[in-house]
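Enquirer: Generate coordinates for the sequence data below:
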Amino acid sequence: MADGDDKYWYNLSTGEVEFGMLSAAVDRVGPFDTADEAAHAPEKLQERSRAWAEDDAADDSWGSSSRAGSGDDE
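Expert: Numbers count the residues shown, from 1 in each chain. Just a heads-up that it's a prediction; the model follows:
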């Protein structure tokens, strides 16, 4: 068996939990060890997306207040 065939996946198109790689890769997220973990995939994706956005915002603003108007750009 290939990796992932014995794991659970969340199908983004149908909202269903699947055992094994039944659907096209573009439609599924995972793998997860349990069906319950896979069922909560949308919440986990939202949490991670929010955390990544916060990290990106922090990276974008890193050093901006200390460099603004300092004249170091010349």
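Enquirer: Check what contacts the helix ranked longest in the chain and list those residues.
Expert: Secondary structure of the chain per DSSP state H: the longest helix is helix 41-61. Identification of contacts with helix 41-61 by CB atoms under 8 Å, 6 or more residues apart in numbering yields 10, 29-30, 32, 37. In short, each C-beta sits where N, CA and C put it, glycine included.
Enquirer: shaky segments in this structure?
Expert: Within the chain, the stretches with pLDDT under 70 are 1-2, 63-74.
Enquirer: Surely Y10 is in contact with V17?
Expert: Yes - using CB atoms under 8 Å, Y10 is in contact with V17, at 6.0 Å.
Enquirer: the more surrounded of these two?
Expert: Using other CB atoms under 10 Å as the criterion, Y10 and V17 rank with Y10 on top: 25 against 20.
Enquirer: Next up, the contacts around that one.
Expert: Applying CB under 8 Å, 6+ apart to Y10 gives the contacts 16-18, 28-30, 32, 38-39, 41-42.
Enquirer: What strand or helix carries it?
Expert: Taking DSSP states H and E as the definition, one finds Y10 inside strand 8-11.
Enquirer: Parallel or antiparallel, list what pairs with that strand.
Expert: strand 17-19 (antiparallel), strand 28-32 (antiparallel) (DSSP bridges).
Enquirer: Mutual contacts of Y10 and V17, please.
Expert: 38-39.
Enquirer: angle of the longest helix of the chain against strand 28-32?
Expert: Helix 41-61 runs at 100 degrees relative to strand 28-32, counting by axes from the mean of the first three to the mean of the last three CA atoms, to 10 degrees.
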